[in-house]
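Sequence first, then the predicted structure:
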Amino acid sequence: MSGAGGDELDAMHLGPEVVRRYLRRHGLEARHSLGQNHLVDGPTLEAIVAAAAPTPGRTVLEIGPGIGILTGELLRAGAAVTAVEVDPRLAAHLRERFAGAIEAAGADPGAPGSLRLVEADALDVPVSDLVAAPYDLVANLPYHITSPVMHHVLGEEPRPERMVLMLQREVAERIAAPPGGLSYLSVFVQYHADVRVIRHVAAAAFEPPPEVDSAVLAGATRPRRLPPDEEEALWRVVQAGFRERRKMLRNVLSRQLPAVGRARIDEALGATGIAPERRPQTLSVEDWLALAEALGMVGAGWRAGVVP
């Protein structure tokens, strides 16, 4: 098991009983506290890799590789994978399973089919310490860290050029939702990337099965539209709105941004044509940008689509 992994875990042979036997044989019972649910559905695995479409030597960041089911397929496709695993048991197993690919990375970083394994909490490591641009993020994310990971990889440079992520279905659909069903995370991700749900995945596609269904979210990152200080100001406005997401926007912003003042908020809503009684979840990314500009918190450079 020194190259891209044993054939029993490839997409052709993958299945619930195969994975259960593998976990028992290696003493790798899933740890629920770390959100460990291993993919056991071959067609879904193939769909993820097809959506990622890694070319030989393309850098791919994988967070939470587990026993390496997705890792192995990415390596077989020729990707140069950096995998970040927090569980010492699984990291030790991956070092054994992919010894050849790890050795290849040591000899020639970025070589096709090579693996750099980082044993760490991905949220504690700057993205720039893990990968250099350009790279893609492809992962079956532990669901409890979805929001922190999205902020971590999109909020700092280098950002991925593309993302293909397995997420909890409700979260994936909310992230990709149109105005009317947005959350703060939706606005944050849609500001950074054009995303859509490309596949629904039943709970039975995992071992052990989670309590919820999943979905694959895919997308391409957009150019930054604001400089860092103005992005921070934008998120202050958006966060203020979503602190009371079911309330009318005029009242929410007046309570949450007292230093701005109701008169200035009313003026900004009028200037942007945003009705005061609208709820935060109905505003698009463009609406939030326009509102932040009208409040004087960001400049008009965002309208050009690229950071000035």
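Done, it's in.

Now do the contacts for the closest residue to Thr59 other than its chain neighbours.
In space, and not counting its chain neighbours, Thr59 is closest to Tyr135: 3.9 Å by CB to CB, 6 or more residues apart in numbering. Backbone N, C-alpha and C define where each C-beta goes, glycine included. Tyr135 makes contact with Arg58, Thr59, Val60, Leu61, Thr82, Pro158, Pro160, Glu161 under the criterion CB atoms under 8 Å, 6 or more residues apart in numbering.

so how many other residues sit close to the fifth one?
It refers to Thr82. 23 (other CB atoms under 10 Å).

in terms of contact, does it touch Arg58 like I think?
No - contact criterion CB atoms under 8 Å: Thr82 and Arg58 do not qualify, at 11.5 Å.

Quick test: name the residue nearest the centre of this protein.
Met150 (4.5 Å; CA atoms, centre = their mean).

Looks to me like that one is in a strand.
No - going by DSSP: H, G, I helix; E, B strand; the rest coil, the assignment for Met150 is helix, not a strand.

How many residues are close by the residue nearest to Pro16 when sequence neighbours are not counted?
Distances taken as CB to CB, 6+ apart put Val40 closest to Pro16, at 4.7 Å, once the chain neighbours are dropped. Applying other CB under 10 Å, we find 23 residues neighbouring Val40.

neighbouring contacts of stretch 114-126?
63-64, 71, 75, 80-86, 88, 91, 94-95, 98, 101-102, 104-105, 108-109, 130, 145, 148-149, 152, 156.

Please check these and keep the buried ones.
Buried subset of the contacts of stretch 114-126 (neighbour count, 16 or more other CB atoms under 10 Å): 63-64, 71, 75, 80-86, 91, 94, 98, 101-102, 104-105, 130, 145, 149, 152.

Which members of these occur in helices, if any?
Within the buried ones among the contacts of stretch 114-126, residues falling in helices by DSSP state H are Thr71, Leu75, Ala91, Leu94, Ala101, Ile102, Ala104, Ala105, Leu130, Val149, His152.

Where does the prediction get shaky in the protein?
1-7, 305-308 (pLDDT under 70).

all strands for it, in order.
With strands called from DSSP state E, the chain shows them at 38-39, 59-63, 80-85, 115-119, 136-140, 162-168, 193-201, 206-207, 214-221.

Now do the helices in this structure.
Using DSSP H, helices in the chain cover 16-26, 42-52, 69-76, 88-97, 99-107, 127-130, 146-155, 169-175, 184-192, 228-242, 249-256, 262-272, 285-294.

Spatially nearest residue to Pro179 (excluding sequence neighbours)?
Here the residue nearest Pro179, using CB to CB, 6+ apart, is Ser284, at 4.6 Å.
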